[in-house]
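Peer 1: What follows is a predicted protein model with its sequence.
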Amino acid sequence: MSDVTEFQDVPDGAGLEIVAFKTRARTIDHLGRGQIADAPTAVSELWKNAWDAYATQVSLNIFDGDSIIAAVFDDGAGMSAPDFTDRWLVVGTESKVDGPAPPPPKFFKGPPRQRQGEKGIGRLSAAFLAPATLVLSQQEDGVLSAVLVDWRLFENPYLSLDNIALPVRTFADPASVLSGLSSMVDVLLGNLGALDEEGVRHLNPAWERYSEEEWREHRSSTADTIVNFWARMPIEQRHLDEWPVMAHLDTHGTALFMLGAHHELSVWLGSSHEDEEAERVKGRLKDILTGFTDTLAEKPVRFEYEVLAYRGEIPRRILASSDIFGLEQFRDLEHTVEGAFDEAGVFKGKIKAFGKDLGERIIPPPRPLPTAPSERPGPFDFCIGTFEQVATSSSHNARRHSDLAAQVQKYGGVRVYRDGLRVMPYGSADADFFSLEETRQKHAGRYFWAHRRSFGRLAFTRSANPYLRDKAGREGLVENRASRELRILVQSLLIGLARDYFGTDAPERSERIAEAQSRNVKGKKAADDARKKRKAEFNAYLKDAVARMPMVAARAQSISARIDDLRGDVDREALAVLRGEIEQTRAEIAALSPTDVPRTMGAAEERYRNFRDELDDARELVRVSDDVLRGLEAKEGASSPREVARAVQVRHRDALNKQLDGYQQQIRENIRAATGVWTAALAEDKERYEKATAPFLRNLSASTNLADILSLLELNRRELESEFSDRYRPLIRNVAAVLEGIDAETALTAIDDDREELERRVRDLTAVAQLGITVEIIAHELEMLDSEVTRNLDRLPPEIRNDRAFGQAVAAHQALTEKLRFLSPLQLAGVRIRERITGARIADYVQEFFGELFQSNQVEFYASPAFRNIEFTELPSRIFPVFVNLVNNSLYWVGRLDTRLIYFDFVDGKVVVADSGPGVDKDDVGRLFQLFFTRRNAGRGVGLYLARVNLEAGRHNIRYATDEDPHVLQGANFIIEIRGVSAGG
């Protein structure tokens, strides 16, 4: 329909005016920037477009540079040039009237998806994120198509929508994209006006009028801003190369480049840690985009996402779909509600309180739902879970409680999902859909549930809930009766559950908390007492064993020397004497052998190690002497082999019986002592109730309230009953465990060791967090200082730059810069693309990195041909740190010896990293890869831990060589098993 007004004659002579709506260009501006609340919401809209295109992977990439570029990459079906003109550049959608959705593309392996887009304006979110957008897209077996938009063109109120021309084109060769953009920019700038023969652009009337208005209002000219923006192409080849299609890693997908990205995205490239506004913006993006897909569903949707920030060539991951609180973790919570509401509003689900499964419950709605389909919600799933905020009141152990406290800060909140994708912004700190915090303000204990201290989600489908629609700005659901009824159903359920099971009014809450508190306090005290007792017993044992060791060692040496003397002239009587001494010495060695060695011994560790080595030496001497003596006995002993064997059998039997007799005596004495203690305690406890309640009966008279006396008698009985139960039930369980053959002491020792180890790791990880912050700050400072030093060195006058000292300073600075450059692949946030890595590449890298250290420390480094020929595919940032850390350790240990060799080999499908150092003490092997474990002077104990973590992330394995593994040198030998490695050649 045209914009021309028509007049037609009508019978009564009046004029009939026929007009049409005129669509101004600013409509796009209103639908784009005007309808979006913030950058995270805009990003989520673009990700939902990727979902509708059947993408399984989507990412937001933020690049530094003179012009900040942000890009959304997906591996969806892609678009052709006709798709751009007929769909992408068309405002509005036919999704509600065009029948069923088209089938999934051939490459997609999964069920058809429900479209997330409703109004066909989600793509306009790009206008909020940047003033200009370049879209590149490719379909499978298609050519690369592109469209370029400058959204500022739509700010002119004097232009109609069809007055603006946008360039759409195809590229047969992806390598020509960057050079081909200039012609597309010319089309955009042509909207402002034409160029004259001298290259001067003359604005057309609409832009002249708008510029004059801006000048009168003291605003900068939009036309000038557009021209200046495109004076230099903002996008570079490095931006294009990160798109998997451009890098030939995929054959289909879309890249949406936002040129001159919004401040809410560019803050991720800043370096300041003190900008409160920037930190809030960052927190908002993480809050909104974390949990973009429903991770609490039985079958989560297949849609991976991540956000990356590029400073230079190296990306840093901000968040990813792998950062989740999953269903398994949810079901491990002590308080959970998990079920579904049906179409009548009846909830059916499972309840768990204080770790106790209360079974399934059916809970009707507070009132019948409206009858009109448009005024009631359809069926939906719901779950919510939390934990006691006070650790001593929780049924979780201290470590698990600490983990949950950290996780709820990151993943807490009750989110809302439609067809597997999040409905923004519910679940964020300021988006409490069910008003949990408002309800809690009335009485925190009674109403129990807290929005940011809970994990949960409500999930529905568009097909079952067509009237739960998004607001225009994607800021939640439209406030209609269907959404209000849904909210009432959930709020009523949570209030009722808090009253019956979780809140302060719940009948069993006080009892459950008292049990948990008592259990936690008693358990901690028992564990602490057991730990102190173990350490005291070990110290006493070590003191006694060290004192007795010299005598045992002397006897073992004497036996060995006398057996050597007997080899020439055998005396049967001497053999018998030696046999007795060997058995006696063997028994003494067994008595000195420790049965329970603490993991941490403090100052006693060196003393214990020296004693252990002496004991091992004595044991070896006795073993060798026994072997020789058995040979002499067989040769010179009894007349037949049977008699010799029988004599040995009797000797071993007698030794074992003697050992068992000793154990039997100890058991009898302990049982006798324990029985005496228990009998006395039971006799005393039997009299306690009588003594406690006798005064009540003595003072009983006609005027006494009998009901009060009976209550006191009942109260005393219950208190003593609880005390006796706590005292004697564990005793009965322990005795029963002994009868069943359960080694309670060993189990307690293992648990206590694990607890001690976990507590140490918590302390260590706190230190690592601080170390990580420090490293990040230092790395940033070094980068800035490096550029500053280089810039100022170049500015010095020629006479100084020709000086010898200047040359040495520049050489030293370049060496430092080179070291920093070498370290760049070691960052955990390194290049994401897996590469083909060879052993030769690893060896050359190590040689170049440590070359000067090898030379100055006279260390020989060698990689065998077998190692140099290996090949596998992996992230360089996952592999190179392992070899650097291993070689760095070897450099320290081989430096103590005359022979200094570090050797890489490949044997039996295993990579071997070996050195000629002293090797690893056998007691240290089990702790070798623990964080902060080190035997180096001034060592930090981080390198081997990071090596193991890096390799495990790729499902590889590293260990210290066992007896079954290949050993290529006498010192330390580390075995690395790399998944997918081939011998190459």
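Peer 2: Looks like it arrived, so ask away.
Peer 1: Contacts for stretch 946-960, please.
Peer 2: Where contact means Cβ atoms under 8 Å, 6 or more residues apart in numbering, the residues beyond stretch 946-960 that reach it are 828, 874-875, 878-879, 881-882, 885-886, 920, 925, 928-929, 965, 972-979. For glycine as for every other residue, the C-beta is placed from the backbone atoms N, C-alpha and C.
Peer 1: quick one: that stretch to chain centroid distance?
Peer 2: Distance, stretch centre to chain centre, for stretch 946-960: 16 Å (Cα atoms, centre = their mean, to the nearest Å).
Peer 1: 22 is where my numbering starts, stick with that
Peer 2: Got it, the first residue is 22 from now on, which makes the last one we talked about stretch 967-981.
Peer 1: buried sites along that stretch?
Peer 2: 967-972, 975, 977, 979, 981 (16 or more other Cβ atoms under 10 Å).
Peer 1: Sitting in strands, which of those residues do you find?
Peer 2: Judged by DSSP state E, the buried residues of stretch 967-981 include 979, 981 as members of strands.
Peer 1: In helices only, show me the buried residues of stretch 967-981.
Peer 2: Using DSSP state H, the subset of these located in helices is 967-972.
Peer 1: State the mean pLDDT of stretch 923-937.
Peer 2: The average pLDDT within stretch 923-937 is 93.
Peer 1: Can you list the helices and strands that the helix or strand that residue 631 is a member of packs against?
Peer 2: In the assignment (DSSP states H and E), residue 631 maps to helix 626-657. If contacts are counted by 3 or more Cβ pairs under 8 Å, 6 or more residues apart in numbering; DSSP states H and E, helix 626-657 sits against helix 530-587, helix 593-613, helix 662-719.
Peer 1: low pLDDT regions in the stretch 422-571 of the chain?
Peer 2: 464-467, 493-495, 529-548, 551 (pLDDT under 70).
Peer 1: what about the strands in it?
Peer 2: 434-439, 442-443, 476-481 (DSSP state E, counting those that start in this stretch).
Peer 1: list the helices and strands the last one packs on?
Peer 2: In this case it means strand 476-481. Judged by 3+ Cβ pairs under 8 Å, 6+ apart, strand 476-481 is in contact with strand 401-407, helix 419-432, strand 434-439.
Peer 1: quick check: angle from the second one to strand 476-481?
Peer 2: An angle of 50 degrees separates the directions of helix 419-432 and strand 476-481 when computed by axes from the mean of the first three to the mean of the last three Cα atoms, to 10 degrees.
Peer 1: For helix 419-432, list every residue counted as buried.
Peer 2: Buried residues in helix 419-432 (16+ other Cβ under 10 Å): 419, 421-422, 425, 429, 432.
Peer 1: quick one: low-confidence ranges for the stretch 172-321 of the chain?
Peer 2: Within the stretch 172-321 of the chain, the segments meeting pLDDT under 70 span 292-296.
Peer 1: rewinding a little: tell me the one of the buried residues of helix 419-432 nearest residue 578?
Peer 2: Closest approach to residue 578 among the buried residues of helix 419-432 (Cβ to Cβ): residue 419, at 50.5 Å.
Peer 1: any idea how far the nearest residue to that closest one once chain neighbours are set aside is from residue 422?
Peer 2: Of all residues not flanking residue 419 in the chain, residue 412 sits nearest, at 5.8 Å (Cβ to Cβ, 6 or more residues apart in numbering). Residue 412 sits 5 Å away from residue 422, going by Cβ to Cβ, to the nearest Å.
Peer 1: residue ranges of the strands in the stretch 822-971 of the chain, please?
Peer 2: Secondary structure of the stretch 822-971 of the chain (DSSP E, counting those that start in this stretch): strands at 856-859, 881-884, 892-895, 922-928, 931-936.
Peer 1: Single out the most deeply packed of these.
Peer 2: Across those, averaging neighbours per residue (mean count of other Cβ atoms under 10 Å) puts strand 931-936 on top, at a mean of 24.
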